[in-house]
Structures are given as C-alpha cells and as structure tokens.
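> One predicted model, sequence on top.
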Amino acid sequence: MASRTTDAKQDTAQARAAAASGSTFSPLRHPSFRLLWIASLASNTGIWVQNTGAGWLMTSLAPSPIMVSLVQTASMLPIFLLALPAGAIADILDRRRHLIMAQSWMCIMGALLCVLTALHMIGPWGLLAITFSIGIGSAMNSPAWQATTPELVPRSDLTQAIVLNSIGFNIARSIGPALGGFIIGLAGTQAAFAFNAVCFLVLIMALVAWKREAPRSRLPKEHFLSAMRAGMRFVGASPLMRTIILRSVVYVFFSAAVWGLLPLLVRHRLGLGPEAYGLLLGAMGVGAVCGGLAMTRLRRMMGPNGMVFMATLLSVAALIMLGLARHWSLAGAGMLFYGASWIIATSTMQAQAQMIAPAWVRARAIGIYQLSFNGMLALGATLAGWLGGAVGVHWALLGSGIGGLVAGVAVRALRLEGPAAREAP
C-alpha cells in the first residue's frame, strides 16, 4: 500500500506539472498514438453509421417512442453493467490483447446484424439484442482504451491527447451519421451494418501492428475481485472523483433526451427521411469538433467549472430549440449547440477523472466513472422515451431542457478541481 501511495503522489506531481499548454494536435507527433487515433477514427465512423442504421430501422420495426429510445439504452446499458469488471480486467491483463478481443467481438456482432437484416430475419427485439451485444464489446473496450492513452503520449501531452480523442470521435460523429443516412437511402440498413463491420477490421489491424511496451510496475499482481474492490475503495476515498461523477450524471441525465428522441423528432415531427436524420447527427458532430478546437482557449479563460456550466447552458438551449423545432433549420442549429455542449462537458470531466487517478487504479476509476455516466445516459434516454410517448416528443425535450437548467444551477458550486488536479483541463 505504501508503494501505491508513492505512485499516487508521483502521478499528482506529474499532473500538476502537466499544464494545459501546446497545440491540440501535438499528440499526433507520437507514432503509436497517431496510428491508433487514425484507426479509431475509421472505427468510430463505422459505429456512427451503425447507430444511425439501428435507430432508423427501429422507426420502421416498432415506431413507438419507448422502443426507439431503447436502442440507445441497449447500446449504453452494457457499459453500466460491465464497466467496473472491464476496468479491473484492463488493469490486470495485457491491454493490447484485451482490446483486440473486444474489437473482434464487435466485428462479429456487426456482421451478424448485417446478415440478419439482409435476410429480413430481424425484429425489434432481435435488433435490441444484437445492439446490446455490440454494447458488451464496447463496455469491455472502453476502460482499456481510455487507460491506454497515457501509455501513448508523455504526461505533458495527456490533456491534449484526451481532447484530440474526443475531437476524433466527433469528426466521426460528423461524417458517420450523414454517411449512414446516404448509405441507408441508397442500399438499405444492411449496407450500413456491413460498413460498420469492415471498419472494425481497420482498428483490429492497427492494434495488431501496435508494438506495445507494457509499463513496469513495482506493485504485486492483483486478482480480479480484489482489483474491483480496490477500485471502489479508491473512488470512495476520493471526494474529487465523487464530485466529478456527480456532476457528470447530473449533466447527462437531462441531455440524454436527444439520444432517445431524435429519430422520432426527425421522422414524425419534421417529416423527414434518413438522409436528414444523418445530417442532423452530422451537425452535432460539427458542433462538437468546433467545441473541441476551442477547448484549449476556454480552459485558460474559465477553468473546468466554468466550462461545464457553460456546456450545461448550451445543452439547455439545444433541448429547447429541438423541442420548438418544426423546421430542419432550427433543429440543425440546436444540434450544433448540443454537439459543442457534449464535447466540452464530457471531455472536461473525463480529463479531470484521468488526471486524478493514479496509474495503478486508472482503468478501474475510469470504469466506475463510465459506469455512472453510461448508466445515467441509458436511464435518461429511456425515461425521455417514456415521457415522449406520454406527453409528446416536443414536450419531453422542453421538459428535459428546463430540468437540466435547474439541476445544473443546483450543482454548480461543486468544484471539479482540487489540489491533485488544479491544472487539469
């Protein structure tokens, strides 16, 4: 335990020394990070094409608000259920092999969904089941992927690397939904699912090519159950980590309404097709990329607390605009705001969590953070779908915006930085 305390103090000192300076793109000068970043861009593009196809397919198979929102729930719920054990596994096993296995599982499930859709053998519950299965792979992949970033870049580039990962994800979010909408319009949803399966192969090949040098540890080898307990003890003993988790779940609970209700808003309230749905998701990605590029300056101007509160206000504005929208232009503006809000809030809080977690428990701490984040995302999307069915999609969006404003003001005083993360983003 003494050696772990020493490691934690060393990581804290390094975090303080790692001021958020330099170019957002500076991590790309490191070959391993560049290789995996480009491959993950391709993989994430495929995931967004798949998500667009799944959401749109459900509006045909079972067009009720609750069933459409369950697509988002099915993709997020596995992360809630498996984030902690996935983090423990990522901390005690070889991360490269772990990532290859997770990506391979998702590739197989994506190919299966393509085949069943092409043969007209997929129903609403089958779609949810395979979406859930792909979510299992994502749940096992995510803590290991996030914890790998500090291995690919020096500590001084870590903040920029986290932001750049988010920018890459949102570039994919800009391209993927629009591409997915056009693929669906031209060749059907099965073609979108096939595209996703191929994109997984790109990342698998990059992981195979990555020559990982596992960091040496002076700590004794941990076992699975004891590793999970140690992760929970760390989070329980860290007031700052608990604050980050609380601020995160408050933000995402109300913002999740967009994920659950957007397909129905596009199809029924706006009367548009899959191409428009993809373009609106693409507008969200454009907003996120713009927000990500502005984060270095915003971090210097207002710090993490100001950034998250500003993102909350942007999310509230986006939800209200979507709730009032009867034309694609207002909905598109709302999605631009929402994309900027999402990357600023989630990247800031995730970077804070990574900065304060010492190396020996980092994947587990991130796993607990993601458990809370994605569990609340699944719950928020499901409740928004239920509310949309009860009172209408536009009232559900407006109510989520008002609730998000009240909750954001209520937790604003809870600070996201402390002695261990004063210079974190």
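Structure's in. What do you need?
> what about Ala147, how many neighbours?
The tally of other residues near Ala147 (other Cβ atoms under 10 Å) stands at 23. (C-beta placed from N, C-alpha, C; glycine too.)
> Buried residues, the helix or strand hosting it. List them.
If you go by DSSP states H and E, Ala147 is part of helix 124-152. Of all the residues in helix 124-152, those buried under the rule 16 or more other Cβ atoms under 10 Å are 124, 127-128, 130-150, 152.
> got it, and stretch 29-48?
For stretch 29-48, by 16+ other Cβ under 10 Å, it's 30, 32-33, 36-37, 39-48.
> try stretch 245-263
245, 247-263.
> For the protein, which segments count as strands?
Taking DSSP state E as the criterion, the chain carries no strands.
> just for the stretch 251-400 of the chain, where's the confidence low?
Applying pLDDT under 70 to the stretch 251-400 of the chain picks out residues 359-360.
> Point out the least confident one among the buried residues of stretch 29-48.
Lowest in pLDDT among the buried residues of stretch 29-48 is Trp48, which has 82.
> for the record, mean pLDDT for the helix holding Ala147?
Mean predicted lDDT for helix 124-152 stands at 85.
> Kindly spell out which helices and strands sit in contact with it.
helix 31-61, helix 65-92, helix 95-118, helix 158-187, helix 328-356, helix 362-391 (3 or more Cβ pairs under 8 Å, 6 or more residues apart in numbering; DSSP states H and E).
> now do 6 Å
Helix 124-152 sits against helix 31-61, helix 65-92, helix 95-118, helix 362-391, with contacts defined as 3 or more Cβ pairs under 6 Å, 6 or more residues apart in numbering; DSSP states H and E.
> Determine how far the longest one lies from the middle of the whole chain.
Using Cα atoms, centre = their mean, to the nearest Å, the distance from the centre of helix 31-61 to the centre of the chain it belongs to is 12 Å.
> same deal with the second one?
Averaging C-alpha positions (Cα atoms, centre = their mean) puts helix 65-92 11 Å from its chain's average.
> circling back to that earlier point, next step: the buried residues of stretch 245-263 restricted to helices.
Mapping the buried residues of stretch 245-263 onto helices (DSSP state H) picks out 245, 247-255, 257-263.
> returning to that earlier point: possible to save the helices and strands packed on helix 124-152 as a markdown table with distance to Gly271?
Output for the helices and strands packed on helix 124-152, formatted as a markdown table (distance: least, Cβ to Cβ, whole Å):
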| stretch | distance to Gly271 |
| --- | --- |
| helix 31-61 | 13 |
| helix 65-92 | 16 |
| helix 95-118 | 25 |
| helix 362-391 | 17 |
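> What ranges in the stretch 101-250 of the chain fall below the confidence cut-off?
173-174, 213-227.
> Tell me the spacing between the residue nearest to Phe234 when sequence neighbours are not counted and Thr148.
Nearest non-adjacent residue to Phe234, counting by Cβ to Cβ, 6 or more residues apart in numbering: Val361, 4.9 Å away. Distance from Val361 to Thr148, counting by Cβ to Cβ, to the nearest Å: 15 Å.
> again, but for Gly137
16 Å.
> Return the residues in contact with the nearest residue to Ala345 once chain neighbours are set aside.
Counting by Cβ to Cβ, 6+ apart, Ala311 is the residue found nearest to Ala345 once chain neighbours are left out, at 3.7 Å. Contacts for Ala311 (Cβ atoms under 6 Å, 6 or more residues apart in numbering) come out as Ser341, Ile344, Ala345.
> And Leu264, by the same measure?
So Leu264 contacts Pro65, Val68, Val393 (Cβ under 6 Å, 6+ apart).
> and what of Pro65?
Applying Cβ under 6 Å, 6+ apart, the residues near Pro65 are Leu264, Gly385, Gly388, Gly389.
> could you dump these to CSV with distance to Gly185?
Shown next, in CSV, are these (distance: Cβ to Cβ, whole Å):
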residue, distance to Gly185
Leu264, 19
Gly385, 25
Gly388, 25
Gly389, 27
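> ok, and the most crowded of these?
Ranking the contacts of Pro65 using other Cβ under 10 Å puts Gly385 first, with 28 neighbours.
> Give me the distance between it and Met76.
For Gly385, the distance to Met76 - Cβ to Cβ - is 13 Å.
> between the helix holding Ala147 and helix 65-92, how many degrees?
Computed by axes from the mean of the first three to the mean of the last three Cα atoms, to 10 degrees, the angle separating helix 124-152 from helix 65-92 equals 30 degrees.
> quick revisit: nearest to Arg212, of the buried residues of stretch 29-48?
Ser32 (8.0 Å; Cβ to Cβ).
> I'd like the distance from the closest one to His98, if you could.
17 Å.
> and if you look at Ala178?
32 Å.
> Ok, Met321 next?
41 Å.
> Repeat that for Ala209.
For Ala209 relative to His98 (Cβ to Cβ), the value is 16 Å.
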